[in-house]
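J.: Fold the following and give me the result.
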Amino acid sequence: MRDFTCPKCGQHLAFENSLCLSCGSPLGYSFEKGTLVIADGSGPNGRADLTHYRRCANFGIAQCNWLVDSSDAAGRATDLCASCRLTRTRPSDADVVGMTAFAVAENAKRRLVAELHELRLPIVGRDQDPAFGLAFDLLSSTYEDVVTGHEDGVITLDLAESDDVRREQLRVELDEPYRTLLGHFRHETGHAYFHRLVGAWIPRRAQFIELFGDPDADYQAALDRHYQGGPPTNWSGQYVSSYATMHPSEDWAETFAHYLHIRDTLDTAASFGLAPAAAKFDLVHLGPSRFDTLIGMWLPLAWSLNMINRSMGRADLYPFVLAHPVLEKMRFVHTVIDAAAEYGTAHLGTGTHRSA
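T.: Predicted coordinates:
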């Protein structure tokens, strides 16, 4: 995530800012421009200048600081921003606990959507692809059980994960080194992008099977085996996490999520002078060789950030070991994302999804 500044006074700002605390200017995030812009409130009801932008309708209920571009190239007539449009279901207004958690989850989702856009991945919603388009069901478990997962492009998230205490309890119970809302979104989105990045394209699918295994292997059997017997011994030499050992589709989703972790953290570090400028999303040079450059920058940065966290009495920021087989899987993720960015949707695979 880049280092934002106020367009009016130059004050440093965070991605979530809707107001400059220095000059008092109302602000909003323009998805199309990838930056914060002045939202001068000259429109009715304090909205941004309707000549160019209007505030997302979720500004109040989800603390959404994104803007809707009045000149949307797709000609969409909507009061929702590019991120909020992807949310298909949310809690009812009467569910106070659920709506509070909803706002926290939407904040994490906006970071995800912004990164997908920076990586130039196609963000295809259900309005464009009713069968496999991306959508989010952010459901409250206040009154019913909710299982976080994915099916055919639809990502379901249990909003209880927005509660830090509850999420930490689950992390400890499941013996996980890391568990965050953003991590959930990145993992489940990895499942959704399998369809567009790998799918039924035979050469790419063959390489996937060689690295990850058969994506059509019985998922329920793998799930039962994982939770009854646990991960195999010495799993860390082949997988990025113990959960990745469960099934090839989970290995892909975990590796995809970690690739997004690394890319966003490197971009942020480069924006603040903590990593070389070559780590930024907007670097012109792409291609397979770029992966080695990225990992060459990531490994010393991750070690440094871990040591900084320990100096503050915190757990490691990135408590994972990237063995060579893991890096080869991640290289594959990098390659297919890079191809999507370079050639567009015409070169993306097609295929079917499974629940995960």
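J.: which residues of the protein fall in strands?
T.: 4-5, 12-13, 27-30, 35-38, 53-55, 67-69, 87-89, 135-139, 149-151, 154-158 (DSSP state E).
J.: Ok, which of those comes nearest Arg331?
T.: strand 149-151 (23.6 Å; Cβ to Cβ). For glycine as for every other residue, the C-beta is placed from the backbone atoms N, C-alpha and C.
J.: Would you map the helices across the stretch 201-350 of the chain?
T.: 202-212, 219-229, 248-271, 289-311, 324-343 (DSSP state H, counting those that start in this stretch).
J.: Return the set of buried residues in the fourth one.
T.: So the one you mean is helix 289-311. Applying a neighbour-count criterion of 16 or more other Cβ atoms under 10 Å, one finds Phe291, Leu294, Ile295, Met297, Trp298, Leu301, Ala302, Leu305, Asn306 buried in helix 289-311.
J.: ok, now which ones touch the nearest residue to Phe332 once chain neighbours are set aside?
T.: Leaving aside its sequence neighbours, Phe332 sits nearest to Leu211 (Cβ to Cβ, 6 or more residues apart in numbering; 5.6 Å). Leu211 makes contact with Glu328, Lys329, Phe332, according to Cβ atoms under 8 Å, 6 or more residues apart in numbering.
J.: can you check Val104 too?
T.: Here Val104 is in contact with Ser162, Leu181 (Cβ under 8 Å, 6+ apart).
J.: Could you measure from it over to Gln63?
T.: 9 Å (Cβ to Cβ, to the nearest Å).
J.: just Leu260 next, same as before
T.: From Leu260 to Gln63 the distance is 23 Å (Cβ to Cβ).
J.: Settle it for me: which of these two has more neighbours?
T.: Shown here are Leu260 and Gln63; by other Cβ atoms under 10 Å, Leu260 has more neighbours (25 against 15).
J.: which non-adjacent residue is nearest that one?
T.: Nearest in space to Leu260, with sequence neighbours left out and distances taken as Cβ to Cβ, 6+ apart, is Arg186 at 4.6 Å.
J.: Tell me how many other residues crowd that neighbour.
T.: Neighbour tally, Arg186, other Cβ under 10 Å: 24.
J.: re the thing from before, can you list the strands of the chain in CSV and add mean neighbour count, mean pLDDT and distance to Ala192?
T.: Shown next, in CSV, are these (neighbours: other Cβ atoms under 10 Å; pLDDT from 0 to 100; distance: least, Cβ to Cβ, whole Å):
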stretch, mean neighbour count, mean pLDDT, distance to Ala192
strand 4-5, 16, 90, 28
strand 12-13, 16, 93, 30
strand 27-30, 23, 92, 23
strand 35-38, 20, 89, 26
strand 53-55, 23, 84, 28
strand 67-69, 23, 86, 24
strand 87-89, 16, 96, 13
strand 135-139, 22, 97, 9
strand 149-151, 18, 94, 6
strand 154-158, 22, 96, 6
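J.: so which of those strands gets nearest Ala221?
T.: Among the strands of the chain, if distance is taken as Cβ to Cβ, the winner is strand 149-151, at 16.9 Å.
J.: The closest one packs against which elements?
T.: Other elements packing on strand 149-151 under the criterion 3 or more Cβ pairs under 8 Å, 6 or more residues apart in numbering; DSSP states H and E are strand 154-158, helix 181-197.
J.: From Arg166, how far off is the residue lying closest to Cys84 once chain neighbours are set aside?
T.: The shortest distance from Cys84 to any non-neighbouring residue, by Cβ to Cβ, 6+ apart, is to Asn58 (4.8 Å). Counting by Cβ to Cβ, the gap from Asn58 to Arg166 is 24 Å.
J.: quick one: which of these two has more around it?
T.: With neighbours defined as other Cβ under 10 Å, Asn58 and Arg166 compare such that Asn58 has more, 22 against 14.
J.: Next, give phi and psi for that one.
T.: phi -90, psi 20 (degrees, to the nearest 10).
J.: what's near enough to touch the one residue sitting closest to the centre of the chain?
T.: Nearest to the geometric centre of the chain sits Leu112, at 3.1 Å (Cα atoms, centre = their mean). Each residue near Leu112 by Cβ under 8 Å, 6+ apart is listed here: Leu182, Phe185, Arg186, Thr189, Leu260.
J.: Kindly recompute the last result at 7 Å.
T.: By Cβ atoms under 7 Å, 6 or more residues apart in numbering, the contact list for Leu112 reads Leu182, Phe185, Arg186, Thr189.
J.: what about the last one, how many neighbours?
T.: By other Cβ under 10 Å, the residues close to Thr189 number 26.
J.: Show the model's pLDDT score for it.
T.: On pLDDT, Thr189 comes in at 97.
J.: Check the second one too.
T.: Here, the pLDDT recorded for Phe185 equals 97.
J.: From Ala244, how far out is the residue nearest to Phe332?
T.: Counting by Cβ to Cβ - Leu211 and Ala244 are separated by 12 Å.
J.: Equivalent analysis for Cys64, please.
T.: Applying Cβ to Cβ to Cys64 and Ala244 gives a distance of 32 Å.
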